[in-house]
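**Student:** Attaching a predicted model along with its sequence, questions to come.
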Amino acid sequence: DGGITQSPKYLFRKEGQNVTLSCEQNLNHDAMYWYRQDPGQGLRLIYYSQIVNDFQKGDIAEGYSVSREKKESFPLTVTSAQKNPTAFYLCASSGGSPYNEQFFGPGTRLTVL
Amino acid sequence: AQSVTQLGSHVSVSEGALVLLRCNYSSSVPPYLFWYVQYPNQGLQLLLKYTTGATLVKGINGFEAEFKKSETSFHLTKPSAHMSDAAEYFCAVTPSGGYNKLIFGAGTRLAVHP
């Protein structure tokens, strides 16, 4: 089955630790995205990548970093510089359609203690 | 710049009643429009999309939406709500032509009560 996987589903970390969230897709999509979701705030774009080895900052990139070494993978690192990292993180991809529709993974809920 | 406004962060309906979730957008060029649904602790699932052609678009689970250019609206409707429709719904817009990011509305949480 084609789709997007995110792991783990739930993640707990101590304050001050970096943590990396995984996102893998087998849809052969060129573009991938990371969003942060907080209650009542909708989706906010963190980073996106249109092609391998290239990525751009979204609206709230501070305290986050990404890499895009393979087409299938777009991991997100939440660094200790992110002041309020507890949130639900969603990964998405697009590219199979000219209409830019995005397909989403199941999300990772990060809780920083 | 593109933007999306969803009127009403929370909507509550009775089972069997009409569902109407409102979405207005701004776009300087013809837009592509989308509705997504999110169930608790899950990712977003595409309900339907408008690209070109027929302005009334049918999606999954009995939902439909109508693109009204003159009103810059793309409201989502379902004739008869079911308990399983309780979820959060997001409207999104992207300009047509070339690569562009999706711009999401803030979301509307739909509650369905017996």
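**Tutor:** Thanks, I have it.
**Student:** Low-confidence ranges, chain B, go.
**Tutor:** Across chain B, the ranges flagged by pLDDT under 70 are B:96-100.
**Student:** Of all the residues in it, which one is nearest chain A?
**Tutor:** Distances between chain B and chain A by Cβ to the nearest Cβ are smallest at B:G43, namely 3.6 Å. Where C-beta positions appear, they are placed from N, C-alpha and C, glycine not excepted.
**Student:** Quick one: name the residues of chain A near chain B.
**Tutor:** Residues of chain A lying close to chain B (Cβ under 8 Å from any Cβ of the partner chain) are A:4, A:6, A:31, A:33, A:40-43, A:45, A:48, A:50, A:58, A:88, A:90, A:92, A:99-107, A:109.
**Student:** Now intersect those residues with the strands, please.
**Tutor:** Here DSSP state E is the test, and the residues of chain A next to chain B give A:4, A:6, A:31, A:33, A:43, A:45, A:48, A:50, A:88, A:90, A:92, A:103-104, A:109 as lying in strands.
**Student:** Taking the residues you listed, tell me the two that lie furthest apart.
**Tutor:** Greatest spacing in these, by Cβ to Cβ: A:Q50 and A:R109 (27.2 Å).
**Student:** can you tell me the distance between the two ends of stretch A:34-42?
**Tutor:** 13 Å (Cα to Cα, to the nearest Å).
**Student:** With stretch B:21-32 instead?
**Tutor:** 18 Å.
**Student:** Could you list the buried residues of it?
**Tutor:** B:L21, B:R22, B:C23, B:N24, B:Y25, B:S27, B:P31, B:Y32 (16 or more other Cβ atoms under 10 Å in any protein chain shown).
**Student:** rewinding a little: which of the ones in strands among the residues of chain A next to chain B are buried?
**Tutor:** Neighbour-count burial (16+ other Cβ under 10 Å) applied to these gives A:4, A:6, A:31, A:33, A:43, A:45, A:48, A:50, A:88, A:90, A:92, A:103-104.
**Student:** I'd like those as CSV, with distance to B:I103 appended.
**Tutor:** Below are these laid out as CSV (distance: Cβ to Cβ, whole Å):
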residue, distance to B:I103
A:I4, 20
A:Q6, 22
A:A31, 15
A:Y33, 12
A:L43, 10
A:L45, 9
A:Y48, 13
A:Q50, 17
A:F88, 19
A:L90, 15
A:A92, 13
A:F103, 17
A:F104, 16
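**Student:** quick one: the closest residue to A:K9 other than its chain neighbours from A:L90, how far?
**Tutor:** Leaving aside its chain neighbours, A:K9 sits nearest to A:T108 (6.4 Å; criterion: Cβ to Cβ, 6 or more residues apart in numbering or on different chains). Going from A:T108 to A:L90 by Cβ to Cβ, to the nearest Å gives 8 Å.
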